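S.K.: Requesting a structural model of the entry that follows:
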Amino acid sequence: MSFYNTLEQFDHFDFSSFFNSVSDDRVRDCLTKEYLNAYDFLTLLSPKAGNHLEMIAKVAQKKTIQYFGKTIQLFAPLYISNYCTNKCIYCGFNHANVIDRRKLTIEEIEKEAKAISSRGIQHILLLTGESRQATPMEYLLEAVKCLKHYFASVSIEIFPLECHEYVLLQQAGVDGLTLFQEVYDKVIYDKVHLAGKKKDYHYRLDAPERGAMAGFRNVNIGALLGLGEMRSEFFFTGLHARYLDDKYLDTEVAVSLPRFNPAECDFHPEFPVNDKTFVQFLLAFRLFFPRAGITVSTRENAYMRDHLIHLGATRFSAGVSTSVGGYAQHQDQSTPQFEITDGRSVEEVVSAISSNGYQPVYKDWDRAI
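M.R.: Numbering: from 1, shown residues only. Reported below is the predicted structural model:
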């Protein structure tokens, strides 16, 4: 059994008919429930529920404070390589793109670590392009060993691995895994991933579960909003999170809401997600999964992120570079994976969080505790 079995149950599900059947009373009824099932979640994702965002937001805010308090955890992404063997038509690291390719040495990684940690950040997300040849396991283990000297928590967002490989990284000090399916629609998935290991839909779909099996403390998933029909895509993201949470009790499951931003390509998403719908998805997920973390990255602009502080977001990246060597080596930045829209420094993000009456959290976990 895997999450794919759950997806199969919705192969012929008529989302349009379901959404057309949703009434105002049904939406209001969902707000009175302590536990929402899959169809309640889908109800809150419906266009009809979009007419009740203020009411939904009040419940979501209460749920978030109940489980997280008034806190926003901070982290920074660290890109150590942009070599990639995949041909994803929406990504700046696409193997076919003619861009500057870089891979940091361990000494350069340490310089980046020093630059980031000097700003107070204690949670780091290590990222690479998807190339085993460029970033083999030995290299990754050395990188993690280096980063553990500077950060309390090291998470990874790299190419999918086998369970025993995740175990090696977990034993080396990695405590979190971020891995996006990108798009759950199998037909669209095949169209936007033209070549490379990433074309294997099933292998990627099962990777977060392999991470949970390997003992990672946190597993973070998501769909790239814009690639597929937006409501069904986020519905499957929520079901995937619930599946992992039900099966792996020792793993904290979280979601990200990455919304398509321009990269080094001419790709234009077929299903763009506007701000109102984005907020609705975040609120619906908070009610469906009250104790799950929700990450909102610098793909979103400062105005949007500041307003999401009160609505259910629990984790922000800050002072971000999506280039390899973008922190300590500003003069030698490589092509970014995607364009950020919130370019504020760590200090500026911290100030915004505090001015909204919330506490910025630099560190909330340590492997030694």
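
S.K.: Please, where are all the strands along the stretch 51-200 of the chain?
M.R.: 71-81, 123-128, 153-157, 174-178 (DSSP state E, counting those that start in this stretch).

S.K.: Mean pLDDT and distance to residue 220 added to the ones you listed, as JSON lines?
M.R.: In this view, the C-beta of every residue, glycine as well, is placed from N, C-alpha and C. Formatted as JSON lines, those follow (pLDDT from 0 to 100; distance: least, Cβ to Cβ, whole Å):
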{"stretch": "strand 71-81", "mean pLDDT": "97", "distance to residue 220": "10"}
{"stretch": "strand 123-128", "mean pLDDT": "98", "distance to residue 220": "9"}
{"stretch": "strand 153-157", "mean pLDDT": "98", "distance to residue 220": "8"}
{"stretch": "strand 174-178", "mean pLDDT": "98", "distance to residue 220": "4"}
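
S.K.: so the residue nearest to the spatial centre of the chain bridges to which residues?
M.R.: When Cα atoms, centre = their mean is applied to the chain, the residue found nearest the centroid is residue 256 (3.2 Å). Note on residue 256: beta-bridge partners residue 295, judged by DSSP bridges.

S.K.: which residues does it contact?
M.R.: By Cβ atoms under 8 Å, 6 or more residues apart in numbering, the residues touching residue 256 are 178, 180, 220-222, 294-297.

S.K.: Tell me how far it lies from residue 45.
M.R.: Going from residue 256 to residue 45 by Cβ to Cβ, to the nearest Å gives 17 Å.

S.K.: for residue 166, same thing?
M.R.: From residue 166 to residue 45 the distance is 31 Å (Cβ to Cβ).

S.K.: and if you look at residue 52?
M.R.: 12 Å.

S.K.: and what of residue 236?
M.R.: Where residue 45 is concerned, residue 236 sits at a distance of 11 Å (Cβ to Cβ).

S.K.: If you count surrounding residues, which of the two has more?
M.R.: residue 45 (28 against 20; other Cβ atoms under 10 Å).

S.K.: Just read off the phi/psi values of that one.
M.R.: phi -90, psi 0 (degrees, to the nearest 10).

S.K.: Let me see the contact set for it.
M.R.: 231, 234-235, 280-281, 284.

S.K.: Pick out whichever of the residues you listed sits closest to residue 121.
M.R.: Nearest to residue 121 among the contacts of residue 45 is residue 281, at 27.1 Å by Cβ to Cβ.

S.K.: As a check, name the ranges of all helices in the stretch 151-300 of the chain.
M.R.: 163-172, 186-192, 201-205, 207-214, 230-247, 275-288 (DSSP state H, counting those that start in this stretch).

S.K.: Which strands or helices does the second one pack on?
M.R.: For helix 186-192, the elements it packs on are helix 201-205, judged by 3 or more Cβ pairs under 8 Å, 6 or more residues apart in numbering; DSSP states H and E.

S.K.: Same question for the helix it packs on: list its buried residues.
M.R.: 201, 204-205 (16 or more other Cβ atoms under 10 Å).

S.K.: Ok, stretch 314-331 next?
M.R.: Those would be 314-329, for stretch 314-331 by 16+ other Cβ under 10 Å.

S.K.: what bits of the stretch 151-300 of the chain have low per-residue confidence?
M.R.: Per-residue confidence for the stretch 151-300 of the chain (pLDDT under 70) gives these ranges: 263-265.

S.K.: ok, back up a step: mind checking the helices of the stretch 151-300 of the chain for the one nearest to residue 17?
M.R.: When the helices of the stretch 151-300 of the chain are ranked by proximity to residue 17 (Cβ to Cβ), helix 230-247 comes first, at 12.7 Å.

S.K.: what is the orientation angle of that closest one with helix 275-288?
M.R.: Relative orientation of helix 230-247 and helix 275-288, computed by axes from the mean of the first three to the mean of the last three Cα atoms, to 10 degrees: 20 degrees.

S.K.: Many thanks, have a good one.
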